[in-house]
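# My questions are about this predicted structure, shown below with the sequence.
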Amino acid sequence: LGRFSAVIDAHRPVRRPKAGTARSDRCSVYRDFQEAGIDVINTVSGMQSVADRVRGQAKTIAFVPTMGFLHEGHLSLMRLARRAGDVLAVSIFVNPTQFGPEEDFDRYPRAFDRDLALTEAEGVDVVFAPTAAELYPEGFETYVQLEHLPHHLCGLSRPVFFRGVATVVTKLFHIVQPHVAVFGEKDYQQLLVIRKMVRDLNMGIEILAGATVREADGLAMSSRNNYLTEEQRYSALCLRHALDKAQTMAAAGTRSCRRIIAAAQELIEARPQTEIDYIRIFHPETLQDIETIEGPARMALAVKIATTRLIDNDRLDPGTGGAENGRDSEPGA
Ligand code: PAF
């Protein structure tokens with residue numbers, strides 16, 4: 001733990017399970033990781049008391065909330081967070097309130113022991129891994145909801161998603177008490193929702209964005225990639241290819257978003273087992289659709305590959321290429 005050992009040592013008694021605590025109340029590898037120096041905390045009061053102590057020592061807390069099944073994308077956020085604060089906290093919690101009734105909450109991949117090994121290797125100081133009952137006790141009825149940002153992109157097909165995310169992230173912020181928190185750009189709308197919420201509710205937490213981490217062939221890393229068969233994994237590349245196509249067209253001078261979206265749609269529909277949820281080009285701050293690419297623009301898409309819904313996004317930069325605005329003149333359009 002190096003320079004953080006003083007902080008961790010100071011609160012070590014807090015995290016030791018009481019004698020007689022049922023094993024099921026603790027994480028299965030609690031002892032191993034305690035010996036390795038990582039804190040695994042399952043209770044709200046335990047986490048709050050650690051946060052109080054860290055803050056009491058005038059140290060800063062950097063936080064990465066996750067739903068576990070960690071991959072290189074999460075680890076890159078942890079590395080960013082590691083540089084942004086004195087103590088690095090990670091939460092692992094598959095949040096039921098952000099899944100709709102027909103969604104994959106039950107089958108969402110979980111690999112807790114493996115996740116702990118990865119966090120330990122990244123030098124994470126504290127893992128907060130509560131149960132659902134700990135975060136949403138009997139009688140829970142308070143939610144955080146944004147008025148406008150959720151009514152775009154993913155919010156249209158996942159109506160409870162952003163309410164669930166805003167609620168759980170607010171709770172996690174109150175419990176972990178970070179100075180800085182890191183979110184991935186792959187979930188671009190989520191990043192904007194969190195930034196807006198933090199500003200609107202005066203939470204005083206700095207929100208950092210981590211760039212999307214991709215497999216060698218361009219597929220954005222996601223825990224849900226784990227659901228894909230080999231053939232579906234091939235089809236899933238259409239998300240990145242559609243973004244590449246859009247960027248090439250924009251750089252070549254195509255301004256018409258309608259034409260760029262049509263080209264992306266054609267490319268995606270040519271792959272087996274694909275079903276487009278949305279392809280949108282929008283203003284990067286408001287998420288409002290735009291018709292022509294004149295200034296800042298971003299494209300996002302959600303595509304179902306068989307039963308697995310994947311998302312991706314990237315910026316579109318207007319180029320000075322030969323295509324004229326909105327005309328069908330540039331190659332491949
Ligand atoms: O991005 C995620 O993994 C989740 O939406 C988050 C932010 C951890 C909230 O459950």
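Sure thing, it's come through. These numbers come from a predicted model, not from an experiment.

# Tell me the predicted confidence for Glu35.
On pLDDT, Glu35 comes in at 47.

# Which residues of the stretch 51-200 of the chain lie near the ligand?
The stretch 51-200 of the chain comes close to the ligand at residues 65-67, 95, 98, 165, 168-169, 187, 190, as judged by Cβ under 6 Å from any ligand atom. Yep, even glycine has a C-beta here, placed from its N, CA and C like the rest.

# if we go to 5 Å?
65, 67, 95, 165, 168 (Cβ under 5 Å from any ligand atom).

# I'd assumed Val94 was in contact with the second one.
Yes - here Met67 reaches Val94: they are 4.8 Å apart, a contact under Cβ atoms under 8 Å.

# Between these two, which contacts overlap?
Both Met67 and Val94 are contacted by Tyr108, under the criterion Cβ atoms under 8 Å, 6 or more residues apart in numbering.

# The residues of the stretch 51-200 of the chain next to the ligand in strands, which ones?
Among these, DSSP state E puts Pro65 in strands.

# Reformat the residues of the stretch 51-200 of the chain next to the ligand as CSV; add distance to Glu102, neighbour count and pLDDT.
Supplementary listing: these in CSV, determined by distance: Cβ to Cβ, whole Å; neighbours: other Cβ atoms under 10 Å; pLDDT from 0 to 100:
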residue, distance to Glu102, neighbour count, pLDDT
Pro65, 24, 24, 99
Met67, 18, 18, 98
Asn95, 17, 21, 98
Val165, 18, 25, 98
Val168, 20, 22, 99
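
# which residues in the stretch 101-250 of the chain form strands?
Applying DSSP state E, counting those that start in this stretch to the stretch 101-250 of the chain gives strands spanning 126-128, 180-184, 206-210.

# where does this protein dip in pLDDT?
1-37, 321-333 (pLDDT under 70).

# can you tell me how far Val126 sits from Ile61?
8 Å (Cβ to Cβ, to the nearest Å).

# Mutual contacts of the two, please.
Shared contacts of Val126 and Ile61 (Cβ under 8 Å, 6+ apart): 87, 89.

# could you pull out the helices for the stretch 151-300 of the chain?
With DSSP state H, counting those that start in this stretch as the criterion, the stretch 151-300 of the chain has helices at 153-157, 161-176, 188-200, 230-236, 238-251, 257-269.

# which of the residues in the last one are buried?
To tie it back to what came earlier, the one meant is helix 257-269. Under the neighbour-count criterion of 16 or more other Cβ atoms under 10 Å, helix 257-269 has 257, 259-261, 263-264, 267-268 buried.

# what sits up against it?
Contact partners of helix 257-269, identified using Cβ under 8 Å, 6+ apart, comprise 238-239, 241-243, 245-246, 249-250, 254, 274, 276, 279-281, 289-293, 297, 299, 301, 303, 316, 326, 328, 332-333.

# Taking helix 238-251 as reference, get the angle to that helix.
Orientation check (axes from the mean of the first three to the mean of the last three Cα atoms, to 10 degrees): helix 257-269 against helix 238-251 gives 150 degrees.

# again with the longest one
Comparing the axes of helix 161-176 and helix 238-251 via the same axes, to 10 degrees yields an angle of 100 degrees.

# helices or strands next to helix 161-176 in the packing?
In terms of contacts (3 or more Cβ pairs under 8 Å, 6 or more residues apart in numbering; DSSP states H and E), helix 161-176 is packed against helix 44-56, strand 61-66, strand 87-92, strand 126-128, helix 153-157, helix 188-200.

# Neighbouring strands - and their directions - for the fourth one?
Spelled out, it's strand 126-128. Strand 126-128 has the following sheet partners, assigned by DSSP bridges: strand 39-41 (parallel), strand 87-92 (parallel).

# which residues make contact with that strand from outside it?
When contacts are defined by Cβ under 8 Å, 6+ apart, strand 126-128 is touched by residues 8, 33, 38-41, 47, 50, 87-93, 116, 119, 172, 175-176.

# Apply 6 Å and report the result again.
For strand 126-128, the surrounding residues in contact (Cβ atoms under 6 Å, 6 or more residues apart in numbering) are 39-41, 47, 89-91, 119.

# what do you get for stretch 100-115?
Contacts for stretch 100-115 (Cβ under 6 Å, 6+ apart): 29, 68-70, 92, 94, 96, 99, 160, 223, 226.

# what's the span of it, first residue to last?
Stretch 100-115 has its terminal residues 25 Å apart, counting by Cα to Cα, to the nearest Å.

# Excluding sequence neighbours, find me the nearest residue to Arg280.
Ala300 (5.5 Å; Cβ to Cβ, 6 or more residues apart in numbering).

# how many other residues sit next to that neighbour?
Ala300 is flanked by 22 other residues according to other Cβ atoms under 10 Å.

# close enough to count as contact, it and Asp312?
No - with contacts counted by Cβ atoms under 6 Å, Ala300 stays clear of Asp312, the gap being 7.3 Å.

# thinking again about what came up before, could you redo the contacts of strand 126-128 as JSON lines and give each row neighbour count?
Listed next are the contacts of strand 126-128 as JSON lines, based on neighbours: other Cβ atoms under 10 Å:
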{"residue": "Asp39", "neighbour count": "23"}
{"residue": "Val40", "neighbour count": "26"}
{"residue": "Ile41", "neighbour count": "26"}
{"residue": "Met47", "neighbour count": "27"}
{"residue": "Ala89", "neighbour count": "29"}
{"residue": "Val90", "neighbour count": "29"}
{"residue": "Ser91", "neighbour count": "25"}
{"residue": "Thr119", "neighbour count": "28"}
